[in-house]
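Q: Take this sequence and fold it.
(2 chains)
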Amino acid sequence: MTVLVQESPEVTKREKIVNDFNINVATANGSGSQTSNSLLIRSLFKMGIPITGKNLFPSNIQGLPTWYNIRLSKDGYLARREAVEIMICMNGATVAEDMASVAPGGIILYDEVLPIAAHRKDVAYYPMPVKELVKGADLPFALRDYVANMVYVGVIAYLLEMEMAEIKAALEWNFQGKPKPIALNWDMVNRGYNWAVENLTNNQPYRVERMTGYNEGKVLIDGNTAAGLGALFNGLTVLAWYPITPSSSLADAINQYAPQLRQDQNTGKSTLAVVQAEDELAAIGMVIGAGWAGARSMTSTSGPGISLMSEFAGLAYFAEIPAVIWDIQRMGPSTGLPTRTSQGDILSAYYLSHGDTRQVLLFPGTPKECFEMAGNALDLAERLQTLVLVLSDLDLGMNLWISDEFDYPETPFDRGKVLSAEQLKDLGGKWGRYLDVDGDGIGYRTIPGNAHRMSGYFTRGTGHTPYATYSERSDDWENNLHRLAVKFETARTLVPKPIVEEVEEAKIGIISLGSNDPGVQEARARLRTAGIETSYLRLRALPINQDVRDFIALHDKVVVVENNYDGQLHKILVTEEIQHATRLISAAKCDGMPLSARWISEFIKQVAA
Amino acid sequence: MTTAQSRPMPAPRVAKTNALGLDKNEYKGRDSTLCKGCGHDSISARIINAAWELGLDQQQIIKLSGIGCSSKTPAYFLGASHGFNSVHGRMPSVATGAMLANRTLIAVGVSGDGDTASIGIGQFKHAVRRNLPLVYIVENNGVYGLTKGQFSATSDKGQKLKYAGVNQLPSLDVCVEALAANATFVARSFAGDAKQVETLLKAALSHNGMAVLDIISPCVTFNNAEDSNKSYPWGKEHEIPLQELNFVPRMEEITVDDYDDEQEVQLHDGSWLKLKKLDTDYDPTDKMSAYRILEESRRENKMLTGLFYIDTKQPNMIDLLNLTDTPLAHMTEAETRPSREALQKVMADL
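A: Next comes the predicted model:
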């Protein structure tokens, strides 16, 4: 077998580049590349290398182009990085632009049957005889396409000098020890590897090496799985949901882990009800019904679902019923780009529903926070007797992240203010559902099934008195809104506090949230190199608390970095801190991609200038 | 054909209190704010009576509704129960959530024809399909009352209303929709027929699954003209009971007189529903018969009432979820927070 390897002179004698580059794999959706890519990322992770994987996939089951971007960063910078050093081309539909996207000095592996228009001089090409190698394996016809991608795993393993044992281990993990698929795929990886050994001269510069100091005690997990686990460990008892990308994997994770985590060992019965509702309206209706009747209940959805849940969100707010919504944000408005990330629901979620509503929002920034905030959300919903929305996004929810192992939750559940039959007896049956006894704006409630004769009350979204009776009186209405405003002030003191890193002499403060964190962290390092010091506040909830006000007051310029077009968080902060409106500068971008450190740092350089 | 006069009546009650030792007044709610003579108020009265006679514990009952005149009524009965007036057309999902949280409750849902057949047809049919344990009462008057007289999806073709004009569209039949969604209990009654409404209510309260009661309940303000098939005059004239019904609660000895052509259905909780056939061919366990008789009565413009279909064998949605016997709402932290070791195992397996 002869193989043409074109090498440009400038790449032959370069220093090795170890654990610090980007691999981009271009395949067709539904071709089995999810398995091959997960092998790559998992084995690199197990070699101790800081990595991040971004799956750029189409809203499609089979055929449309998909990319998987793996960044290796020995320094631990895990934001999306735009440049690509290693391109693996398996899709003819995009091969021209994929090859063009590679940085000078990079390398390109490609299926040799793909049409190549022109070769660049500044990159090295490695054509792979994929079809031939698959043919040699003598596989059933139906399986050929699915294992074909294992060829590039073998070839890249050779070129980068990956540890084959880790690839094998990743394969075994992926197929949960099932011998047949493991053997089938492993054979194909080896065919690719052996072909490369025999036919390629490895004089390209990119290498991986086992390292320590970063991945120890860490796990590779997506935010949706983390959120599902967090709910399971924090007493979720009712999950009602409707399938929608990119949130479905949250419910999938709960279904996957519930038998192991939430089944009564003696009876085999479940301590959790999971219902796939007929739509998002029914899903939130079930959550509210369950919350009203004493369950810890939640749903997971994305932007279109949030729009549909708007009316019920107002009911939960005004009738004061605990409920949790996980919003895994994607591009909107409308159907938007269902498989691309965004933080475009901040404004609509904060003011969700008609009338004077303000909702409590949580913003997890890591899988570990997804795990923890699943518990915070259920607690806050019951404590505040209201809807709590957790705003994650596609990047955090669906992509794999290196995360600290989750800590076992030590704090007891907060079940909020619930009167038992005994307590009602002590009160002589005298109580008012919406009476502000404690001055925090939160009344006491009873749960249906309470045996006390006076426990029953009537829940409604229409005007009501402190004793839950129907009222159209102006004073009753206004008093109720006043109390709800007091409750919102209470919420400020209870929601997760921001994470603040003050740098002395920093004139610029950065406020950001959620999955932007790695991009902001890396941008700050770049800015420091350029002589610009910044402070950083990562907001973890709305409403804002005093820490946020202090941070804004302390800095001459506060750049609000977010992944949407309108600068939605910026608008909310301007509204809440109107006296500092001119300090707040919006850095908003919305192109479907996670924010890169390059974009953030360039923006802030302009602000600093 | 047997006439209404010959129906065997249950033994007259002499006691002023029920099995729980409660006076009937204790089952009342707040004063109704509906129009005088509204059919909905008669239904509320029947709910009060049925719950009292059956000796139901109001603390174990939840009453839910959507939006509209009918949906206001849960405030007017069973005042000690928890009530929930939710959003328009979405009561079924709220009831679903509540029953998931506490499977031991008894749920009574009240809806109207707009709330069920127009805005809420989707949730209605899906809750039916799931066989949610819920007594689902449709107070059906063929008109939007609270917004002052628009047509609903159950308004009949050709029907005239003062402001809305003439309805050009065919109506939806709540019972047919329920059957098509695989309902396990489908009945129709007329608010003016107190005994039948109450008997069906009692049977519905003992049914394991969703019991759909489509009760024609005339709107005295917007839809009570003699030519409307949802009016009192029309209903009194055209109601044809399918069976004579009798309900024997679980705790009572069966002392009812024998019927000819009688069919007995034992309900989930051990109660018996006895049906004396008026149409000798009719079998309420045969779904084809139910479709046929509903379509025939529609063509003949008759108000057929009674139990059209019952299936006591189907599991309800809670049964299918294999949940713990203890209501989920009563689960403690010890029961719902997996162990430290369980988290360690999950982390190790990642």
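Q: how much space between B:Leu134 and B:Gly37?
A: 28 Å (Cβ to Cβ, to the nearest Å). (C-beta placed from N, C-alpha, C; glycine too.)
Q: the more surrounded of the two?
A: B:Leu134 (29 against 13; other Cβ atoms under 10 Å in any protein chain shown).
Q: Not counting sequence-adjacent ones, nearest residue to the more buried one?
A: B:Ala107 (4.5 Å; Cβ to Cβ, 6 or more residues apart in numbering or on different chains).
Q: Also A:Ser101?
A: A:Val84 (5.5 Å).
Q: Please state the backbone phi and psi of the one you found?
A: In terms of degrees, to the nearest 10, the main-chain angles of A:Val84 are phi -120, psi 130.
Q: now do the one 5 residues further on
A: Summarising the backbone geometry of A:Cys89 under the convention degrees, to the nearest 10, its torsions are phi -100, psi 110.
Q: so where do the strands sit in the stretch 201-350 of chain A?
A: Residue ranges of the strands in the stretch 201-350 of chain A, as given by DSSP state E, counting those that start in this stretch, are A:206-207, A:218-222, A:238-241, A:273-276, A:297-301, A:323-331, A:337-341.
Q: for chain B, which spans come out with low pLDDT?
A: Along chain B, the model assigns pLDDT under 70 to residues B:1-15, B:253-261, B:280.
Q: Where is the longest helix in it?
A: Taking DSSP state H as the criterion, chain B has its longest helix at helix B:39-53.
Q: what residues does that one touch?
A: Contacts to helix B:39-53, defined as Cβ atoms under 8 Å, 6 or more residues apart in numbering or on different chains, come from residues B:13, B:18, B:22, B:24, B:26-29, B:32, B:34, B:58, B:61, B:69-70, B:73, B:76-78, B:108, B:110, B:137, B:139, B:141, B:191-192, B:194, B:197-198, B:201-202, B:205, B:215-220, B:232, B:249.
Q: returning to what we had before: possible to save the strands of the stretch 201-350 of chain A as a markdown table with distance to chain B and mean neighbour count?
A: Shown next, in a markdown table, are these (distance: least, Cβ to the nearest Cβ, whole Å; neighbours: other Cβ atoms under 10 Å in any protein chain shown):
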| stretch | distance to chain B | mean neighbour count |
| --- | --- | --- |
| strand A:206-207 | 27 | 20 |
| strand A:218-222 | 4 | 22 |
| strand A:238-241 | 5 | 28 |
| strand A:273-276 | 4 | 20 |
| strand A:297-301 | 7 | 31 |
| strand A:323-331 | 9 | 29 |
| strand A:337-341 | 23 | 21 |
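Q: Would you mind giving those as CSV with mean pLDDT added?
A: Listed next are the strands of the stretch 201-350 of chain A as CSV, based on pLDDT from 0 to 100:
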stretch, mean pLDDT
strand A:206-207, 98
strand A:218-222, 97
strand A:238-241, 98
strand A:273-276, 98
strand A:297-301, 98
strand A:323-331, 98
strand A:337-341, 95
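Q: Format the ones you listed as TSV; extra columns: distance to A:Gln385.
A: Shown next, in TSV, are the strands of the stretch 201-350 of chain A (distance: least, Cβ to Cβ, whole Å):
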stretch	distance to A:Gln385
strand A:206-207	56
strand A:218-222	31
strand A:238-241	16
strand A:273-276	21
strand A:297-301	13
strand A:323-331	10
strand A:337-341	32
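Q: right, and the ones you listed - which one's nearest A:Leu250?
A: A:Leu250 lies closest to strand A:297-301 among the strands of the stretch 201-350 of chain A, at 4.2 Å (Cβ to Cβ).
Q: From the contact counts, what lies against that closest one?
A: helix A:223-232, strand A:238-241, helix A:248-261, helix A:280-292, strand A:323-331, helix B:91-101 (3 or more Cβ pairs under 8 Å, 6 or more residues apart in numbering or on different chains; DSSP states H and E).
Q: hang on, the earlier thing: so which of the strands of the stretch 201-350 of chain A gets nearest B:Ala290?
A: When these are ranked by proximity to B:Ala290 (Cβ to Cβ), strand A:273-276 comes first, at 28.0 Å.
Q: Direction included, what does the closest one pair against?
A: Its sheet considered, strand A:273-276 pairs with strand A:238-241 (parallel) by DSSP bridges.
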